[in-house]
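# Mind looking at a prediction? Sequence and model below.
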Amino acid sequence: QVQLVESGGGLVQAGGSLRLSCAASGRTDRTYVLGWFRQTPGKERNFVAHITWSLGNTRYADSVKGRFTISRNNAENTVYLQMDSLKPEDTAVYYCAARTAYAGIGSTEYDTWGQGTQVTVSS
């Protein structure tokens with residue numbers, strides 16, 4: 001089992017940047033893919049981006065392409081989400097998630113979750 005802890009959320013003005021971190025511990029050797037999702041009150045948890053742990057292959061939601069970048073540091077067991085050109089509609093709780101096999105964009109495909117970190121973008 002892997003444990004995930006997110007950090008880096010906060011309040012930023014529209015057009016600004018934030019970098020989220022997801023520190024993984026435990027059986028990271030069994031982790032195949034790590035993803036970021038976000039959720040606003042009363043809404044579903046939506047896919048943002050994911051990265052395969054070994055090869056570093058990435059995938060993004062259309063809404064964040066060109067603005068967000070996912071990366072990983074295998075030596076530090078950490079995945080990052082660099083968020084640039086932030087918009088008020090990016091406001092959400094951001095969650096890190098992991099799976100031991102390939103996963104797509106559905107939140108139900110992931111079996112391990114962090115506690116979430118709040119990102120608020122003011123207009």
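Now that the structure is in, tell me what you want to look at. Numbers count the residues shown, from 1 in each chain.
# The spatially most central residue of the chain and Ser123, how far apart?
Against the mean C-alpha coordinate of the chain, by CA atoms, centre = their mean, the closest residue is Trp36 at 2.2 Å. Trp36 is 23 Å from Ser123, where distance means CB to CB, to the nearest Å. Glycine gets a C-beta too; all of them are placed from N, C-alpha and C.
# cool, and Arg67?
Taking CB to CB, one finds Arg67 at 16 Å from Ser123.
# Could you report the pLDDT at the closest residue in space to Phe68 that isn't next to it in sequence?
Spatial nearest neighbour of Phe68, chain neighbours left out: Met83 (5.1 Å); criterion: CB to CB, 6 or more residues apart in numbering. Each residue has a pLDDT score; the one for Met83 is 98.
# Same question for Asp29.
Note on Asp29: pLDDT of 82.
# Any idea how many residues pack against it?
9 (other CB atoms under 10 Å).
# Leu11 now?
12.
# Helices of the chain, residue ranges please.
Using DSSP state H, the chain contains no helices.
# which regions of it lie under the pLDDT threshold?
Within the chain, no stretch has pLDDT under 70.
# from memory Val2 sits against Thr28, does it?
Yes - taking CB atoms under 8 Å as the definition, Val2 is a contact partner of Thr28 at 5.6 Å.
# if I look at the closest residue to Val119 other than its chain neighbours, how far off is Gly26?
Take Val119 and drop its neighbours on the chain: the residue closest to it by CB to CB, 6+ apart is Gly9, 4.8 Å away. Distance, Gly9 to Gly26, by CB to CB: 22 Å.
# likewise Leu11?
31 Å.
# Would you enumerate the residues in contact with the residue lying closest to Phe47 once chain neighbours are set aside?
Among residues not flanking Phe47 along the chain, Ile105 sits closest, at 3.8 Å (CB to CB, 6+ apart). With contact set as CB atoms under 8 Å, 6 or more residues apart in numbering, Ile105 has these partners: Phe47, His50, Arg59, Ala61.
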